[in-house]
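*Asks:* quick one, structure for this:
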Amino acid sequence: MPADCYVHPATPLPPRGLIERAERLSTSLISDVFGRWAGAPGILPITGLAAGQVVAGPALTVRTRPGDNLVVHKALDVARPGEVLVVAAGGTMERATLGGLMGQYARTKGLAALVVDGAVRDRSDLEAAAPPVFAVGVSQLGPYKDGPGDLRCPVSLAGVVIEDGDLVVGDECGIAVIPRHRAEDVIAAAEAKRVAEEAESRAIAEGTWDREWIDRSLRIHDVPAVAAAESRTRGDFS
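*Replies:* Residues are numbered from 1 along each chain as shown. As a prediction, this is how the structure comes out:
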């Protein structure tokens with residue numbers, strides 16, 4: 001009997017200029033300006049990402065039964081160029097959600113990246129023929145193809161809620177997610193922080209980096225040398 005697959009309406013694609021701006025940022029910058037929680041911990045680059053490369057695109061969300069990829073195949077069929085396939089697979093490492101052939105097909109569809117909250121396989125094939133892949137890890141065990149699942153629905157990856165069309169940014173540190181209705185504001189804030197950090201980098205190189213804020217943030221208590229030695233002897237580190 002065919003399995004159920006609920007397909008929600010697709011969201012409009014964002015302007016290409018917005019994506020290009022995101023590709024010049026890092027996930028760290030985005031996280032810093034967006035409450036320091038925008039990332040999905042544990043989902044890391046597996047293949048296809050060059051040193052310093054950043055990928056970005058609107059999410060094509062998929063919810064599937066852990067260990068099953070039937071609806072992931074359907075998602076690839078309906079994918080639009082520039083989208084990032086985002087698969088909520090329960091974080092399981094028992095079976096790979098996709099592998100080399102699906103990765104190759106994803107490239108022909110023009111996907112910007114593949115993000116899986118779970119395992120993938122065929123690392124070398126993915127490296128050779130797929131868009132950049134982010135996942136929890138690698139497993140040689142293949143998936144079932146029974147369903148069910150949903151497409152373009154809200155999903156949760158590592159505790160981060162992602163809706164179809166949200167902006168997904170990936171780099172060597174993992175992925176960050178920006179709600180589509182806040183993308184312009186968050187990207188602008190990250191751009192401003194990048195400029196500020198570039199100024200700090202120049203100050204470090206010139207030996208002028210302001211460190212006074214550290215002491216302003218701490219209440220320093222100097223411990224007398226004799227008391228410190230006695231404390232170490234007693235093993236008192238409280």
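*Asks:* which helices and strands sit right next to the longest strand along the chain?
*Replies:* Counting by DSSP state E, the longest strand found in the chain is strand 55-64. Counting contacts by 3 or more C-beta pairs under 8 Å, 6 or more residues apart in numbering; DSSP states H and E, strand 55-64 is packed against helix 16-22, helix 70-78, strand 84-88, strand 149-151, strand 155-157, strand 167-171. C-beta: built from backbone N, CA, C; applies to glycine.
*Asks:* export the ones you listed to JSON lines and tack on mean pLDDT and distance to Leu114?
*Replies:* What follows is these, written out as JSON lines (pLDDT from 0 to 100; distance: least, C-beta to C-beta, whole Å):
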{"stretch": "helix 16-22", "mean pLDDT": "98", "distance to Leu114": "17"}
{"stretch": "helix 70-78", "mean pLDDT": "98", "distance to Leu114": "9"}
{"stretch": "strand 84-88", "mean pLDDT": "98", "distance to Leu114": "5"}
{"stretch": "strand 149-151", "mean pLDDT": "97", "distance to Leu114": "15"}
{"stretch": "strand 155-157", "mean pLDDT": "95", "distance to Leu114": "13"}
{"stretch": "strand 167-171", "mean pLDDT": "98", "distance to Leu114": "10"}
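*Asks:* what are the bridge partners for the residue nearest in space to the middle of the chain, then?
*Replies:* Centroid-nearest residue in the chain: Ile175, 1.3 Å away (criterion: C-alpha atoms, centre = their mean). Beta-bridge pairing of Ile175 under DSSP bridges involves Gly170.
*Asks:* quick one, what contacts Arg95?
*Replies:* Arg95 makes contact with Pro66, Gly67, Gly118, Ala119, Ser139, Leu141, Gly142, Pro143, Tyr144, according to C-beta atoms under 8 Å, 6 or more residues apart in numbering.
*Asks:* the third one belongs to a strand, doesn't it?
*Replies:* Going back to what we said before, that points to Gly118. Yes: looking at Gly118 with DSSP: H, G, I helix; E, B strand; the rest coil, it is inside a strand.
*Asks:* wait, it sits on Pro66?
*Replies:* Yes: using C-beta atoms under 8 Å, Gly118 makes contact with Pro66 at a distance of 6.8 Å.
*Asks:* any shared contact partners between these two?
*Replies:* Ala89, Gly90, Gly91, Thr92, Arg95.
*Asks:* which of those residues tops the neighbour count?
*Replies:* For the shared contacts of Gly118 and Pro66, the largest neighbour count, defined by other C-beta atoms under 10 Å, is 30 neighbours, found at Ala89.
*Asks:* tell me the contacts of it?
*Replies:* So Ala89 contacts Thr64, Pro66, Gly67, Thr97, Val116, Asp117, Gly118 (C-beta under 8 Å, 6+ apart).
*Asks:* domains of the protein?
*Replies:* Annotated domains of the chain cover 5-182, 194-234 [automatic domain parsing].
*Asks:* and those domains, which one's lowest on average pLDDT?
*Replies:* Of all those, domain 194-234 carries the lowest average pLDDT, namely a mean of 88.
*Asks:* what's the spacing between it and its chain's center?
*Replies:* 32 Å (C-alpha atoms, centre = their mean, to the nearest Å).
*Asks:* how near is Thr92 to Cys5?
*Replies:* 20 Å (C-beta to C-beta, to the nearest Å).
*Asks:* what do you get for Gly142?
*Replies:* 20 Å.
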